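Asker: Below: sequence and its predicted model.
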Amino acid sequence: MNDQTPSDPAPPRGCPFGHGGGDLTRLYGPEAATDPAGIYERLRTEHGPVAPVLLEGDIPAWLVLGYRDNRRVLDTPWQFSRDARIWRDWREGRIAETSPLVPMLGWRPDCVSQDGEPHRRLRGAVTDGLQAAAARGIRRHVTHFANKQIDAFAGTGRADLVADYAEYLPMLVLTRILGLAEGEGRLLVESCAQVLKGGEEAVAHNERIMEKLGELAERKRSEPGSDFTTALLEHPAALDAEEVISHLRLVLIAAHTTTSNLLARVLQLVLTDVERLSGLIGGRLNISAVVEEVMWNTPPLAVMPGRFATADLELGGHRIAEGDLLVLGLAAGNLDPEIRPDAGVSVQGNQSHLAFSSGPHECPGQNIGQAIIETGVDVLLHRLPGLRLAVPAEELTATASTWESRLDSLPVEFAG
């Protein structure tokens, strides 16, 4: 990094990129698992809208906390690339192939890992395939699998809506979209969760996903169907075998983990507010308004991986060097006091949250996720009369990883 001049911003205390000094905050470990929001606000106070942090393996990164700074990074791929091949720590051999960061940050031949024309070519195939899937009736699949999940516990009068419902419903719908067998989808729920959770098992679970999806692609080459996998195989963009499997993985992990997390959070908000619950059951409140509120206050992906600086530049008062890793604080950005001085004020009708990302890499399947959540909540509320929390709301807990904060359980009672 170039020597500082008097006009340069001072490096942040504990800056990981060549400055040294001070203890850096870890976005993993016991504190991060229980109080990620507290960490974000402390970092905002100490460093401003961009803060130096450590990821698993004590790998340095910049956490972007400011709303406008997140927008800048997401909207300018020529300054902040998604191509991990320019990541300096990777190029210089400091990231082991077995690192739990690799499944989340490593380069692969999918549209998320590339910019410009390669990105447009691959994303076009994904978008076309998802649009075709949506046109075939997502809500019909959601209704079928929602009822099937509810049938398993409807007669008992009790359930955990995380373990018994939200963790499985999106994956079951995805089995229909991708062309997987239902049983295969159920087996992949744990592997998707482990990739996001990180830790020493993340790489093994990622390999398990790739193996299953490779088998799916081979099956669909000889037995094509009206599914997303066949759409990728037959798309005019002519994806090769590795590109097809990488995009199946991308859709599977991204769609399942974020949608299951968001579904659980929407149910939490509904069940901890009697007025919202009665409004939804009585038809006075639209579920999309509740989803929107959750998108702002507890987005399903709290921190998004990752962007890489293409040149030395300034962001949020800090000097960012070429090859530095940045991770996007979507939860922190949505609560940035510069744009939301009063986080308690209603955000109804305001869709400018960061939950779906922004710019060229904005989530292409958001309408499918919305359909899963809206239909899943609607079926549940109308199948289970007298639905209510089985524990005080303050007893509900969540556990966070670097990338997300997931509700641990949502115990409920109802008229069995």
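Answerer: Sure, I can see it. Numbering: from 1, shown residues only.

Asker: rest of the way, CA atoms for contacts and neighbours
Answerer: Noted.

Asker: So residue 242 is in contact with residue 109, correct?
Answerer: Yes. Assessed by Cα atoms under 8 Å, residue 242 is found in contact with residue 109 at 7.0 Å.

Asker: Of these two, which one has the most company?
Answerer: Neighbours per residue (other Cα atoms under 10 Å) separate residue 242 from residue 109, with residue 109 holding more: 18 against 15.

Asker: How much space separates the residue lying closest to residue 153 once chain neighbours are set aside from residue 385?
Answerer: Using Cα to Cα, 6 or more residues apart in numbering and skipping residues adjacent in sequence, the residue nearest residue 153 is residue 159, 6.5 Å away. Going from residue 159 to residue 385 by Cα to Cα, to the nearest Å gives 13 Å.

Asker: quick one: which of the two has more around it?
Answerer: residue 159 (21 against 14).

Asker: Next, that one: secondary structure please.
Answerer: Following DSSP: H, G, I helix; E, B strand; the rest coil, we place residue 159 in the strand state.

Asker: Who are the contact partners of it?
Answerer: 153, 411-413 (Cα atoms under 8 Å, 6 or more residues apart in numbering).

Asker: Which among those residues count as buried?
Answerer: Buried members of the contacts of residue 159, scored by 16 or more other Cα atoms under 10 Å, are 411-413.

Asker: could you point out the longest helix in this protein?
Answerer: If you go by DSSP state H, the chain has its longest helix at helix 241-271.

Asker: Which ones among the buried ones among the contacts of residue 159 map onto strands?
Answerer: 411-413 (DSSP state E).

Asker: Run a quick neighbour tally on residue 116.
Answerer: As a burial measure, residue 116 scores 12 neighbours (other Cα under 10 Å).

Asker: Phi first, then psi, for it.
Answerer: Torsion angles at residue 116 (phi, psi; degrees, to the nearest 10) stand at phi 60, psi -140.

Asker: Residue 304 now?
Answerer: Backbone dihedrals for residue 304, given as degrees, to the nearest 10, come out at phi -100, psi 130.

Asker: and what of residue 209?
Answerer: Taking degrees, to the nearest 10, you get phi -60, psi -50 for the backbone angles of residue 209.

Asker: Got the confidence number for it?
Answerer: What the model reports as pLDDT for residue 209 is 93.

Asker: Please tell me I have it right and it contacts residue 188.
Answerer: Yes. Shown here, residue 209 and residue 188 form a contact pair, counting by Cα under 8 Å, at 6.8 Å.

Asker: measure residue 90 to residue 108 for me?
Answerer: The gap separating residue 90 from residue 108 is 14 Å, by Cα to Cα.

Asker: again, but for residue 102
Answerer: In terms of Cα to Cα, residue 102 sits 10 Å off from residue 108.

Asker: lowest average confidence, helix or strand, in the protein?
Answerer: Least confident helix or strand, the chain: helix 274-282 with a mean of 86, by mean pLDDT, DSSP states H and E.

Asker: Identify the residues contacting whichever helix or strand comes after that helix?
Answerer: Proceeding N to C from helix 274-282, the next assigned helix or strand is helix 287-297, under DSSP states H and E. Residues outside helix 287-297 that contact it (Cα under 8 Å, 6+ apart): 262, 265-266, 269-270, 280, 331, 334-335, 346-351, 353-355, 370, 374, 377.

Asker: show me where this structure has strands.
Answerer: Taking DSSP E to define them, one finds strands in the chain at 25-26, 50-55, 59-64, 80-81, 158-160, 303-309, 313-315, 318-320, 325-329, 388-389, 398-400, 405-407, 411-413.

Asker: low pLDDT regions in the protein?
Answerer: 1-22 (pLDDT under 70).

Asker: what's near enough to touch residue 118?
Answerer: residue 111 are the contacts of residue 118 under Cα under 8 Å, 6+ apart.

Asker: one more time with 6 Å, if that's ok
Answerer: Going by Cα atoms under 6 Å, 6 or more residues apart in numbering, residue 118 touches no other residue.

Asker: centroid residue for this protein?
Answerer: For the chain, the residue nearest the mean C-alpha position is residue 301 (3.5 Å; Cα atoms, centre = their mean).

Asker: Can you tell me how far that residue is from residue 325?
Answerer: Counting by Cα to Cα, the separation of residue 301 from residue 325 is 18 Å.

Asker: sorry, back to before: buried set for the longest helix of the chain?
Answerer: 243-253, 255-271.

Asker: Equivalent analysis for stretch 357-370, please.
Answerer: Within stretch 357-370, the residues that qualify as buried are 357-358, 360-361, 363-365, 368-370, counting by 16+ other Cα under 10 Å.

Asker: Residues contacting it, please?
Answerer: Contacts of stretch 357-370 (Cα under 6 Å, 6+ apart): 74-75, 259, 356.

Asker: Which member of the residues you listed is positioned nearest residue 139?
Answerer: residue 259 (14.2 Å; Cα to Cα).

Asker: what's the nearest residue to the closest one if we skip its chain neighbours?
Answerer: residue 369 (5.8 Å).

Asker: before we move on, what about residue 179?
Answerer: Per Cα to Cα, 6+ apart, closest to residue 179 is residue 227, 5.4 Å.

Asker: ok, how many other residues are close to that neighbour?
Answerer: Neighbours of residue 227 (other Cα under 10 Å): 20.

Asker: hang on, isn't it packed against residue 178?
Answerer: Yes. Assessed by Cα atoms under 6 Å, residue 227 is found in contact with residue 178 at 5.5 Å.

Asker: quick one: residue 287 from residue 379, how far?
Answerer: Taken as Cα to Cα, the span from residue 287 to residue 379 is 12 Å.

Asker: Perfect, I'm done here.
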